[in-house]
Structure formats: C-alpha cells, structure tokens
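> need a 3D model of the following:
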Amino acid sequence: MVKKNKHGSIFKKLREERGYKLKDVAGDVISTRTLTRFEADETSLSIAIFEKLLENCGILPLDYLVYYNDNIEPESTEYLRRLQSYLQSGSESKLVIECKKELKKRDIEFSKRLDILTVIRAISWKEDSELFLENRRLIMEKIETTNKLGWDDIGGLQILISGASREDFTIDYIDRIIDECLHNISTINYLSKYLNIKYCDLLIVSLAYLSRNGHYSLAEKRCKDAIKLFERCTSLLGIEGFHDTANCILAIIYLRQNKIEGVELANKVLKYENMIVEITDDPYVIGTVDFNYKRLCKVNKTGIDFEF
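Okay, the predicted model is just below:
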C-alpha cells in the first residue's frame, strides 16, 4: 500500500503560520492551482521546485525539516507508543502478542522492526525465538546492503551490538563499524550534530563490545582513536559525556588486564564525574557515576583501591 505524502499539508500549515498568501508563494515558480493540489497532498513536486517555494516563504530547508518532524505523526510513532505502554505497565504477554502480530505481516517498516527488537530485548524474552531471530536477521540484512548508514541503520546496529556476544559479530566487522564512525563524525558541519550523536553512540557500544569480548589490543587502540577525535570535536553536542565514556571503557580494558594504568585512569574518570555531580546535582549524572564506579570496581583485580 502506497503511503500518502504529507509534505504538502504540512507546508500549507507552515505557510499560513508565517502569513504568506498562496499566490505570493507560488510566484512564477508554479501555478496557484498546482500549489493548492500540493497542499492538499494530491500531487508531489520536484525537490528543485520545493526549494524555491521554501525560499519564497523565507524558510531554510533545515527549518522545514525540523517543522515537518514536529508536525508529522507517523504510524510507527503510535505503534512504539503502544509498545512502550505495555512495557511500562508490565504487560509482557500483550507486548509479545503485539510484536508477533506485526511480524507476521507481509510488509513491515524498518523502524517497526527496530522497535520490536528493542522491546523484546528489554524484557529478555526467550520464547518464540525463531520469529524474533528472523526479525534480527532481516534487520542485519537490510543494514549490510546499505552503502551509507542512515539514522535507523545506525540505531539498529547500536541495539544489535550493545548486547552482542563474541559469536554474533566478527572482530573485523566491529572494527569496520568503528572506522566508519570515526570517519563520519563531522568536526566542521554543525548541521550533522544529531547524526554525529548517533554515530558516537554506535562508536561507544562497539568499543564496549571489543572490551567485553576480550579483544583488548584492538579495543585499546580504537579507544585512543576515539578519545583523540573527541578532543578535537570541541563543538560536538554531548562531547564531554562521550569523552568520559571512552575513557571509562579504556580504564576497564586496562583493569581487565590488571594494568596499573587502569587504576590511574579510573581515578581521573571518577574524579571528573564527581565534580560534575557537585556542580549539577543531577540525579541522572549521580546514577551514571554510581554505575561506572560499580563496574570499575568489578573488574579491578589489581588490589589497589581507587582514590578520587
């Protein structure tokens, strides 16, 4: 089933909010009749023409995309909201039934497949493994046939790698993903800042995968690559958090090998995080510090206590 394009009606809403008349926006670009049909979602326009209409409204393409995403309500958004309500209420059986019902459909949006993967992993559901493993396989198949990772592809890989065991991915595959992250985190284009965050999240879970599965030499090298990149990306949104997390993973890598450098780096990480707690008194930050302290203690077999 072909989905109806909503760009026209959303453009109309934005045009009217900005106080522009139909004929003024149409100008000599298109006829008012064609613009009326477009705003009724009855026809589509070329990108070149649409860009000129945006220009006639004094709207930058980025501003339009932000407005569009604020005003569109995809079916997948409502579906995820329903899954989350089941998850929050503890209705695991209803959640699973909803997921199984969706997976048995012929055509499923990729974003819905990711939603199902996320919630099934959240409840650690072990039954109906064949159906849910097939969903995972199809997600990987789609990602692997993509030459350039998009928003959903990055999110899908982040979910898959975050809970993966050594058998799920080869070390070469993870290293290739890390390399792609390092090369696609922009240090100059501020318009890419939100995609940068997705790449940073994927980079962090990939580094953690290497550490968790004992690939210490490569994990140490790639952590240092990431830390150098973060130190250059001073304008990157959330840079302090990513830099801190990469250092924490590197400390864990050292500690798992009983290296004294792990204690020294862990002390720096914990000292920095406690300073942030003192400044912000943010409950989320407090929880993060407590979590990091416990996992650092868990892998510390050096016999040297942390001092921070």
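> any low-confidence regions in the chain?
The chain contains residues with pLDDT under 70 at 1-5, 73-77, 187-193, 237.
> care to break it down by domain?
What the record gives for the chain is the domain set 1-55, 174-308, from automatic domain parsing.
> ranking those by burial, who's on top?
Highest mean neighbour count among those (mean count of other Cβ atoms under 10 Å): domain 174-308, with a mean of 17. C-betas here are computed from N, CA, C, even on glycine.
> how far does that one stretch from start to finish?
33 Å (Cα to Cα, to the nearest Å).
> save the domains of the chain as CSV, and put in distance to Leu138 too.
Putting the domains of the chain into CSV (distance: least, Cβ to Cβ, whole Å) gives the following:
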stretch, distance to Leu138
domain 1-55, 19
domain 174-308, 19
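> which one of these lies closest to Ser124?
domain 174-308 (17.4 Å; Cβ to Cβ).
> and stretch 96-111, which residues are buried?
Val96, Glu98, Cys99, Glu102, Leu103, Glu109, Phe110, Ser111 (16 or more other Cβ atoms under 10 Å).
> list of residues touching it?
1, 74-76, 79, 82-83, 86, 112-113, 116, 119-120, 123, 125, 127-128, 131-132, 134-135, 139, 142, 152, 156 (Cβ atoms under 8 Å, 6 or more residues apart in numbering).
> if we can go back for a sec, among the buried residues of stretch 96-111, which ones are in helices?
Val96, Glu98, Cys99, Glu102, Leu103, Phe110, Ser111 (DSSP state H).
> now, the most widely separated pair of these?
Pairwise over these, using Cβ to Cβ, the maximum falls at Val96 and Phe110, 20.4 Å.
> what residues are up against Leu203?
Per Cβ under 8 Å, 6+ apart, neighbours of Leu203: Ile178, Cys181, Leu182, Ile185, Ala226, Phe242.
> for Leu62, find the nearest of the domains of the chain.
For Leu62, the closest of the domains of the chain is domain 174-308, at 6.2 Å, according to Cβ to Cβ.
> from the chain's centre, how far out does that closest one sit?
Counting by Cα atoms, centre = their mean, to the nearest Å, domain 174-308 is centred 17 Å from the centre of its parent chain.
> what of stretch 113-133?
With Cα atoms, centre = their mean as the basis, stretch 113-133 stands 19 Å off its chain's centre.
> go on, stretch 29-46?
34 Å.
> for it, give me every contacting residue.
Against stretch 29-46 from outside (Cβ under 8 Å, 6+ apart): 4-9, 11-12, 15, 22-23, 25-26, 49, 52-53, 56.
> now, which of those lie within helices?
Counting by DSSP H, the contacts of stretch 29-46 contribute 7-9, 11-12, 15, 22-23, 25-26, 49, 52-53, 56 to helices.
> return the member of the residues you listed nearest to Lys271.
Distance ranking of those against Lys271, using Cβ to Cβ, places His7 first at 50.5 Å.
> tell me which residues touch that closest one, please.
So His7 contacts Asp41, Ser44, Phe50, Tyr68 (Cβ under 8 Å, 6+ apart).
> leaving out the residues flanking it, which one is nearest to the first one?
Spatial nearest neighbour of Asp41, excluding adjacent residues (Cβ to Cβ, 6 or more residues apart in numbering): Gly8 at 4.6 Å.
> any idea how far the one you found is from Ile227?
Distance from Gly8 to Ile227, counting by Cβ to Cβ, to the nearest Å: 47 Å.
> over to Lys52?
Lys52 is 45 Å from Ile227, by Cβ to Cβ.
> check Asn196 too.
16 Å.
> just Arg15 next, same as before
From Arg15 over to Ile227 (counting by Cβ to Cβ), the distance is 47 Å.
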